[in-house]
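J.: Sequence and predicted model, in that order:
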Amino acid sequence: IFAVFGISMAVYPAVTVLVESHPVTAGTDWNKIFFVPVVNYLIFNCGDYSGRLVAGFLLRPNNQWFIAAASVL
């Protein structure tokens, strides 16, 4: 779990910073100051919430060997 969280924290901001407001030339404060941090925050938290929601609906398998093999992979 730590590796997944560490990798997502290392890669995620670098990818979402590439998102730009459209039109880029508009010189409002929203485009210059607030767009990247707010959208970055919203995308991360929506993805986090949806992942937790989906994980809550999935059932664990009864076979303990399958869980052990999947955790090694």
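T.: Received, thanks. Residues are numbered from 1 along each chain as shown.
J.: Just want the most central residue of this structure.
T.: Phe44 (4.2 Å; Cα atoms, centre = their mean).
J.: sec struct for that residue, please.
T.: For Phe44, the assignment made with DSSP: H, G, I helix; E, B strand; the rest coil gives helix.
J.: So it versus Tyr12, what's the distance?
T.: Counting by Cβ to Cβ, to the nearest Å, the gap from Phe44 to Tyr12 is 6 Å. The way it works is simple: take the backbone N, C-alpha and C, and place the C-beta from them, glycine included.
J.: ok so, going back, the residue nearest to the centre of the chain contacts Val11, doesn't it?
T.: No: with contact defined as Cβ atoms under 8 Å, Phe44 does not count as touching Val11 (11.7 Å).
J.: what's the overlap in contacts for those two?
T.: Residues within reach of Phe44 and of Val11 at once, by Cβ atoms under 8 Å, 6 or more residues apart in numbering: there are none.
J.: And the helices in this protein, which stretches?
T.: Using DSSP state H, the helices of the chain run over 2-16, 29, 35-57, 64-72.
J.: Pipe these into JSON lines and attach distance to His22 and mean pLDDT per row.
T.: JSON lines is the format used below for the helices of the chain (distance: least, Cβ to Cβ, whole Å; pLDDT from 0 to 100):
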{"stretch": "helix 2-16", "distance to His22": "15", "mean pLDDT": "78"}
{"stretch": "helix 29", "distance to His22": "16", "mean pLDDT": "74"}
{"stretch": "helix 35-57", "distance to His22": "10", "mean pLDDT": "84"}
{"stretch": "helix 64-72", "distance to His22": "42", "mean pLDDT": "80"}
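J.: what about the residue lying closest to Trp30 once chain neighbours are set aside, how many neighbours?
T.: Among residues not flanking Trp30 along the chain, Ser21 sits closest, at 7.4 Å (Cβ to Cβ, 6 or more residues apart in numbering). Ser21 has 15 neighbours, counted by other Cβ atoms under 10 Å.
J.: what do you get for Asn31?
T.: 16.
J.: So it is in contact with His22, correct?
T.: No: using Cβ under 8 Å, Asn31 is not in contact with His22; the gap is 9.2 Å.
J.: got the phi/psi numbers for Glu20?
T.: phi -120, psi 150 (degrees, to the nearest 10).
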